[in-house]
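Visitor: Can you look at this prediction? I've put the sequence above it.
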Amino acid sequence: MRVSIICPSIDLVVDPQNDVDVNGANIALWIQLRTYANHPAFESLELFLPPKSLLIADDVAKFAQALLEPQNRGKGKLSVHSVYALGDIWADGKPRILHTDDLWALSRDRHLRDTFAKGPIAHICDTHCLGHFALHRSLREVAHLDQVEGDAIIACSRATAAAVDDAYDLPYKVLACRRRIDSGDLRPAKPGEKEAARARFGLPQGMPLGMFLGRITPAVKGELTLLVDTLVGRPGGLIVTGVTNMPGYSEVLQGYAQMRGVADRVFFHGRIPPSDRAAWYHAADLFLFPGDCVNEAFGQTTIEALACGLPVIQSAWDGLKETIAEGVGTHVSTIAAPAPERLEHLSVALETPGQFLALAQATVVDRDEWYAAYDYWIASEEKRKVGGSMARQLFESTFDPPIIEAQYIALLEKCLEGATTGQRKSRRVEPGPLQVDYSSALRHYTSVLWNPSFLFEETEKGKAWRSGGEAPYMYGELEPILDPELMSSIRERVGHSPLTATQLSIALSDSITTDRDVWFHAMFLAKQGFLTLRHDIPLSRNSPV
């Protein structure tokens, strides 16, 4: 198979030998490029770059050397071209696969394929996330095009595939194939390695430690104050390590840990080179991932944790729902309320991280379940040992890179075979609305579907707030979205008696404030632990709705 990729810059890919950010999407692209350039199933990789990326020949040579394994250098397995040469290269009419790295570029590459292809080209597209306008616009632009045999969107999870299929009527088959990880030296710790890693990183010996590793931001990952709250009144410590992608967020977490009285048990570390990943996993006893943002579709670090033999507690969210099994860790129920209408309409004008951050406020990782899971795993070293052993077995049987690689190559072979038939099917699908329909994606991401009969109850933290204690924290970007008066009204009403989402909306919605606005604010308070969202108790017959 011959593969073409149009890449905005070679800076977007990751050379794992460098000191680079932990970024799942970049690592995933790097792994794909290495497969195309080195695996025997692929004849060659054609990489098309903007002319500016070709100006420094030494950089291109260094990139090519890092990409190609020594035995494949000088054999024509990799060719690098200006994007202006696309038509000339494709003029040979040879069968190809055109790989698009993310859905936001689907319409761009479909246009180029349809314009310049002289032979059969199967257009396949990877996925990284859903729920933002740049992606929505791209999918909207291809919705009315002809269906071409062999074209496919390869989603990184079944949940993502279902969300794409449900939200968009596209002229592409939607398939699911898990991502590979760069497993490298990721393996369970040997005797003495945990102690050595902790000594190296300045971590306490003997204390059970949970760890979050990844980009530190509530805008594209998850709200990490939940992890800080988990330590209040409970044993153990917390490692938070990775690049801070939201300016000031690490400082917010440190200040929050101080306020909650657990700062001496929360250990922050910033950017780490990939070569240190294994040591950090070895230093930990438990991996923690409360993903709640539509940007999070797979959870690459979860698979790395499994490879290193760590039990996992994580939200049941999109692809995360498909990565751990009973005995290996705990999935925690995750619920999202429908986004306010104004957020959907304003998606055309908002920056992508702002969309992600706003949406995440309507998503709740069930705190009671989370705390119970933590209590279960942190209390017993023997349980963690057994769970860690099962985690490694799960990795080897399901997520080991050669297994995923074989599945991926088989999918591409079928796509290319379909493209050679030349079959096209005309479509008459009108483009959908301009704004993003967030709810279509969210109902596939969550593990519990939203129901207006869910019950909101006040917590001890909520009672303290009503008495003048700690108030909800709002990131600066959220201040124009969240109405303090509406939150106060919710606090007072739920403080007197538990209320369903419907009861709250009847009491507080009006000609300007919609049901979704009320639910959004109530979910924000539940997300921060001032309310509890009860999704497991049926209403009595006498409960008003």
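Guide: Noted; the coordinates are in hand.

Visitor: and the gap between P188 and A325?
Guide: 17 Å (Cβ to Cβ, to the nearest Å). The C-beta positions use only the backbone N, C-alpha and C, and glycine is treated the same way.

Visitor: In the stretch 51-200 of the chain, mark out all the strands, start to finish.
Guide: 78-82, 96-100, 121-126, 147-148, 152-155, 173-176 (DSSP state E, counting those that start in this stretch).

Visitor: Now do the helices in the stretch 51-200 of the chain.
Guide: Secondary structure of the stretch 51-200 of the chain (DSSP state H, counting those that start in this stretch): helices located at 57-67, 86-90, 106-116, 133-142, 158-167, 193-201.

Visitor: Turn the ones you listed into a markdown table, columns for mean neighbour count and distance to F454.
Guide: Conversion of the helices of the stretch 51-200 of the chain to a markdown table gives the following (neighbours: other Cβ atoms under 10 Å; distance: least, Cβ to Cβ, whole Å):
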| stretch | mean neighbour count | distance to F454 |
| --- | --- | --- |
| helix 57-67 | 14 | 50 |
| helix 86-90 | 16 | 52 |
| helix 106-116 | 17 | 36 |
| helix 133-142 | 20 | 28 |
| helix 158-167 | 21 | 21 |
| helix 193-201 | 16 | 41 |
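
Visitor: Determine which of those helices approaches D264 most closely.
Guide: Proximity to D264 (Cβ to Cβ) singles out helix 193-201 among the helices of the stretch 51-200 of the chain, at 15.7 Å.

Visitor: More neighbours: which of P188 and A325?
Guide: Neighbour count, other Cβ atoms under 10 Å: between P188 and A325, P188 has more, with 17 against 14.

Visitor: hang on, isn't that one packed against L306?
Guide: No. Applying Cβ atoms under 8 Å as the test, P188 and L306 come out as separate, 10.0 Å apart.

Visitor: Could you pull out the residues contacting both of these two?
Guide: R392 (Cβ atoms under 8 Å, 6 or more residues apart in numbering).

Visitor: List the buried residues of stretch 460-471.
Guide: K461, G462, W465 (16 or more other Cβ atoms under 10 Å).

Visitor: Next one: the second one from I490, what distance?
Guide: Taking Cβ to Cβ as the criterion, G462 is separated from I490 by 10 Å.

Visitor: so what sits against both of the two?
Guide: Contacts common to G462 and I490, judged by Cβ under 8 Å, 6+ apart, are L525, L531.

Visitor: and the closest residue in space to L45 that isn't next to it in sequence, helix, strand or coil?
Guide: Spatially, and ignoring its direct neighbours in sequence, L45 is nearest to Y36 (4.1 Å; Cβ to Cβ, 6 or more residues apart in numbering). In three-state terms, and counting by DSSP: H, G, I helix; E, B strand; the rest coil, Y36 is helix.

Visitor: surely Y36 meets V3?
Guide: Yes. Using Cβ under 8 Å, Y36 makes contact with V3 at a distance of 4.6 Å.

Visitor: related to what we said a few turns ago, may I have the residues that are in contact with the residue nearest to L45?
Guide: Y36 neighbours (Cβ under 8 Å, 6+ apart): V3, I5, F42, L45, H99.

Visitor: And it, what's its pLDDT?
Guide: The model reports Y36 with a pLDDT of 94.

Visitor: Pull up the gap between it and S107, please.
Guide: For Y36, the distance to S107 - Cβ to Cβ - is 23 Å.

Visitor: Okay, buried residues for the biggest helix by length in the chain please.
Guide: Determined from DSSP state H, the single longest helix within the chain is helix 401-419. Across helix 401-419, burial judged by 16+ other Cβ under 10 Å covers P401, I404, E405, Y408, I409, L411, L412, C415, L416, G418, A419.

Visitor: Make TSV out of these and add pLDDT and distance to T225.
Guide: Formatted as TSV, those follow (pLDDT from 0 to 100; distance: Cβ to Cβ, whole Å):
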residue	pLDDT	distance to T225
P401	93	34
I404	94	34
E405	94	38
Y408	95	37
I409	96	42
L411	96	40
L412	96	42
C415	96	43
L416	95	47
G418	95	48
A419	95	49
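
Visitor: So which of those residues is the closest to D483?
Guide: I404 (45.8 Å).

Visitor: Compute the first-to-last residue distance for stretch 95-104.
Guide: Terminal residues of stretch 95-104 lie 25 Å apart, using Cα to Cα, to the nearest Å.

Visitor: Can you pull the residues that touch both of Y36 and V3?
Guide: F42, L45, H99.

Visitor: Of those, which is the most crowded?
Guide: Neighbour-wise, the shared contacts of Y36 and V3 (other Cβ under 10 Å) top out at L45, 25 neighbours.

Visitor: Report the strands that pair with the strand or helix carrying that residue, each with its relative direction.
Guide: For L45, the host element (DSSP states H and E) is strand 44-49. Here strand 44-49 is paired, per DSSP bridges, with strand 2-6 (parallel), strand 78-82 (parallel).

Visitor: returning to what we had before: take the buried residues of stretch 460-471 and keep only those in helices.
Guide: Those of the buried residues of stretch 460-471 lying in helices (DSSP H): K461, G462, W465.

Visitor: Where do the helices of the stretch 351-500 of the chain begin and end?
Guide: Counting by DSSP H, counting those that start in this stretch, the helices of the stretch 351-500 of the chain are 352-360, 367-378, 381-394, 401-419, 438-445, 460-466, 484-496.

Visitor: Dump those helices to a markdown table, plus distance to T514.
Guide: Output for the helices of the stretch 351-500 of the chain, formatted as a markdown table (distance: least, Cβ to Cβ, whole Å):
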| stretch | distance to T514 |
| --- | --- |
| helix 352-360 | 15 |
| helix 367-378 | 26 |
| helix 381-394 | 44 |
| helix 401-419 | 42 |
| helix 438-445 | 13 |
| helix 460-466 | 24 |
| helix 484-496 | 11 |
